[in-house]
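Visitor: structure, please.
(one chain, ligands or ions: 2)
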Amino acid sequence: MSGKYRFSFGPWNIHEGADPFGPTVRDGIEFAKKLKMYKNLGFDGVQFHDDDAVPDMDNLSAQEIVKKAKEVRAMLDGEGLAAEFVAPRLWEDARTIDGAYTANDPACREYAKDRSRRTIDIAAALETRLIVLWLAREGTYIREAKDSSVAVEQIVEAINGMLAYNPDIRIAIEPKPNEPMDQAYIPTTGHAIAVSFMTDAPQRVGVNIESAHAILAGLDPSDEMGFALAYNKLFTVHLNDQNGLKFDEDKSFGAVDLRRAFNQVRILDRYDYGAAGEFVGLDVKAMRTQKQSVATKHLANSREIFLRLVKVARSIDNKTVNQLIADRDYEELDMLIVDHLMGK
Ligand code: XUL
Ligand code: MN
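Guide: Ligands and ions are numbered 1, 2, ... in the order given. Have a look, this model is predicted:
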C-alpha cells in the first residue's frame, strides 16, 4: 500500500523552530544533510522553493542559475530522489513588499515575472514540470490599497506569461486566505479554479490544497479536495493540521482532528489520487520546542498517520454505510465512523 503512495516534503519542513517573538531553538541543517534524511524517513520527493535549490539566485545570471540547479539535480540522483515541484519565493525580496504580480509598482511586478521565469528554468533543470504558486502577498492589508478586480487580471496575466514561457509546465495554485496579508485575493480552491479558467491553458492550471489553508478559510479540506477532483485539478496536496483560526501552524497531519484527516485520506484514496504520478505532499513543521535530535518525527509521523488512515478508510463496512445513507440515519452513520476510528 505504501508502494502506491509516494510522499514528499520541502527542506523548510526541517525547521529551526523560530517564531516571530523569539530565538531559534534548533540549529539550521545544511541542504545536503537534509537530502540524506528523505529516504530514511520514507520520502521519495523533494518540494522546492526556487532559492532552496539555488540560494542567492537574484544575484546570479540566468545561465548560472541553471548550472547550479543542474548540480542539485545530480545531488537528487545521488540520493534516488525526485523533485516534485518548484515554487517561486515571491515574498522575501524588498520588491515584493507590496505584492508580486499585484504590486502597485510596475517595476516590482516585472521583477516578480522575471523571477518566475527563473523558477521555471530551475524546474526544468530539476526535471519537474510542476510549479506551485503560493500567492503570498497578492492581497491587501486595507481594501483601498489595490483594485481587487485588476488584481485578478494581473494574476492571470502573470500565469499566462509563465505558461507561454515553457509549454511543458503545469501550475498548481496554492490558495490561502490570509497571512501574511490581511485578505488574500485567491483564498480558496474555488477562486483558484476560477482563475485557471481565465488563463490561456486551463488544463495546465490546477491547485495545491493545503489542509491548514482550507481550515483557515473556514472550509473542510476534504470537501475542497472533492471540488478540485471534480474539475480534475488536484495537481498536488499539502497535508498538515491546524488548531482553529489563528496563524498557519503546519501541525503534523491528523494531530488535531483525526476525523478531518481521515476524510482527506478517504477522498484521496477513493479517487485514486497518486495514480497519475501525484505525490502525497506534506507541509508540516516540528513543534517549536522539539529537540534537534528528534526534530524530524513530525514528518515520519504524518506519513505513518496517512498510511494508517488509508487502512481505516479501506476497512469501513461500506454496505452498512450505504444502508444508513439510504435510511437517512446519519446519527448511526456518525457513530459507525467514530467507532471505526476508535478501532471497533
Ligand atoms: C505558506 C505555504 C508555503 C507554500 C509553498 O503558507 O504553505 O510553504 O506551500 O510556497
Ligand atoms: Mn504549503
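
Visitor: tell me the residues of this protein that contact ligand 2?
Guide: 210, 238, 283 (C-beta under 5 Å from the ion). From N, CA and C alone the C-beta is placed, and that goes for glycine too.

Visitor: inside helices: which ones of the residues you listed?
Guide: Of the residues of the chain next to ligand 2, none are assigned to helices by DSSP state H.

Visitor: just the buried residues of those residues.
Guide: Among these, those classed as buried by 16 or more other C-beta atoms under 10 Å are 210, 238, 283.

Visitor: and the residues of the chain next to ligand 2 as JSON lines, adding pLDDT?
Guide: JSON lines is the format used below for the residues of the chain next to ligand 2 (pLDDT from 0 to 100):
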{"residue": "210", "pLDDT": "99"}
{"residue": "238", "pLDDT": "99"}
{"residue": "283", "pLDDT": "98"}
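
Visitor: as TSV, those residues with distance to ligand 1 would be great.
Guide: As requested, the residues of the chain next to ligand 2 are arranged in TSV below (distance: C-beta to the nearest ligand atom, whole Å):
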residue	distance to ligand 1
210	5
238	5
283	5
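
Visitor: pull out the buried positions in stretch 232-243.
Guide: 233, 234, 235, 236, 237, 238, 239, 240, 241, 242.

Visitor: sorry, wrong one. I was asking about stretch 98-113.
Guide: For stretch 98-113, by 16+ other C-beta under 10 Å, it's 98, 99, 100, 101, 102, 103, 108, 109, 111, 112, 113.

Visitor: make CSV out of the residues you listed and add distance to residue 19.
Guide: Formatted as CSV, the buried residues of stretch 98-113 follow (distance: C-beta to C-beta, whole Å):
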residue, distance to residue 19
98, 25
99, 24
100, 24
101, 28
102, 28
103, 27
108, 28
109, 31
111, 29
112, 27
113, 32
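
Visitor: so which of those belong to strands?
Guide: Assigned to strands by DSSP state E, none of the buried residues of stretch 98-113 qualify.

Visitor: from those, pick the one nearest ligand 1.
Guide: Using C-beta to the nearest ligand atom, residue 100 comes nearest to ligand 1 of the buried residues of stretch 98-113, at 11.9 Å.

Visitor: now do the phi/psi pair for the closest one.
Guide: phi -120, psi -80 (degrees, to the nearest 10).

Visitor: how about the contacts made by it?
Guide: Residues in contact with residue 100 (C-beta atoms under 8 Å, 6 or more residues apart in numbering) are 88, 90-91, 108-109, 111-112, 115, 135-138, 158.

Visitor: could you rerun that using 10 Å?
Guide: Residues near residue 100 by C-beta atoms under 10 Å, 6 or more residues apart in numbering: 88-91, 93, 108-109, 111-113, 115-116, 133, 135-138, 154-155, 158.

Visitor: re earlier: quick check: the two most widely separated of the buried residues of stretch 98-113?
Guide: Distance extremes for the buried residues of stretch 98-113: the farthest pair is 98 and 113 at 15.0 Å, using C-beta to C-beta.

Visitor: just the element for residue 85, please.
Guide: Taking DSSP states H and E as the criterion, residue 85 maps to strand 82-87.

Visitor: nope, residue 207 is what I meant
Guide: Judged by DSSP H and E, residue 207 forms part of strand 205-210.

Visitor: avg pLDDT for the next helix or strand after that strand?
Guide: With elements assigned by DSSP H and E, the helix or strand that comes after strand 205-210 is helix 211-216. The predicted model assigns helix 211-216 a mean pLDDT of 98.

Visitor: helices and strands around helix 211-216, which ones?
Guide: With contacts taken as 3 or more C-beta pairs under 10 Å, 6 or more residues apart in numbering; DSSP states H and E, helix 211-216 sits against helix 221-230, strand 234-238, helix 258-270.

Visitor: just name the most buried of these.
Guide: strand 234-238 (a mean of 26; mean count of other C-beta atoms under 10 Å).

Visitor: got the CA coordinates for it in PDB?
Guide: Output of strand 234-238 as PDB, limited to C-alpha atoms (Å, rounded to 0.1, in the frame of the first residue of the first chain):
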ATOM      1  CA  LEU A 234      -5.900  18.400  -7.800                       C
ATOM      2  CA  PHE A 235      -2.300  18.500  -9.000                       C
ATOM      3  CA  THR A 236      -0.900  18.100  -5.500                       C
ATOM      4  CA  VAL A 237      -1.700  18.400  -1.800                       C
ATOM      5  CA  HIS A 238       0.000  19.900   1.300                       C
END
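
Visitor: quick one: that strand to chain centroid distance?
Guide: Relative to its chain's centre, strand 234-238 lies at 7 Å (C-alpha atoms, centre = their mean, to the nearest Å).

Visitor: tell me the strands beside that strand, with direction?
Guide: When sheet partners are counted by DSSP bridges, strand 234-238 sits next to strand 205-210 (parallel).

Visitor: how far is stretch 19-27 from where the chain is centred?
Guide: Per C-alpha atoms, centre = their mean, the centroid offset for stretch 19-27 relative to its chain is 23 Å.
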